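[1] below: sequence and its predicted model.
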Amino acid sequence: MFKTIADPADCEVRSVIRFLNAKKVEPAEIHRQLVEIYGKNVMTDGMVRKCVRQFNDGRTNVHDEARSGRPSVINDGLVAKVNEKIHENRWFTIRMLFDEFRQISKTKLSQIVFPVGSENAYGCPQNEVTWQCFEISYPMQ
């Protein structure tokens, strides 16, 4: 039995696929070997076949290709402007900021104002739900 490797990088898996494909190993066998070493969640058989097809069509790069999509509107300058507005009025609401910065969604504004990992007013990390328990004592009758 081989030692399994947890959470491999995508380029690592594609490198193995490229290597085994160059040795003329069948896609089903490549998938079987990947599952044996990296575990069952490594990549589906269909994705292995797709990678093999791409390498056979001339692809040589094992790294992720740049994808098209909607570019982010948030940059350092915009974050600085949001922080400046917060310092002008400490009693702000997300709604007030949203009215000022329409190009940023309320969710993104919340993430700028309260970054994940920062502490809330109770000293607890923002990404955890905080339950406060109070002991209620009733007088004995």
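    That came through, no problem. Residues are numbered from 1 along each chain as shown.

[2] my read: Pro27 touches Arg49, true?
    Yes. Applying Cβ atoms under 8 Å as the test, Pro27 and Arg49 come out as touching, 4.6 Å apart. All C-beta spots, glycine's among them, are computed from the backbone N, C-alpha and C.

[3] who's more crowded, the two?
    Set side by side, Pro27 and Arg49 give different neighbour counts by other Cβ atoms under 10 Å, the larger being at Pro27 (19 against 16).

[4] got a pLDDT number for Glu128?
    Note for Glu128: predicted pLDDT of 46.

[5] I should have written Ile136 there, sorry.
    Here the pLDDT value assigned to Ile136 is 53.

[6] just Lys23 next, same as before
    97.

[7] tell me the phi and psi of it?
    Its backbone dihedrals place Lys23 at phi -90, psi 10, with angles given as degrees, to the nearest 10.

[8] what of Glu26?
    phi -70, psi 150.

[9] where along this protein do the helices fall?
    Applying DSSP state H to the chain gives helices spanning 10-22, 27-38, 45-56, 76-88, 94-100, 106-113.

[10] of those helices, which is nearest Phe2?
    helix 27-38 (5.8 Å; Cβ to Cβ).

[11] what comes up buried for the closest one?
    Under the neighbour-count criterion of 16 or more other Cβ atoms under 10 Å, helix 27-38 has Pro27, Ile30, His31, Gln33, Leu34, Val35, Tyr38 buried.
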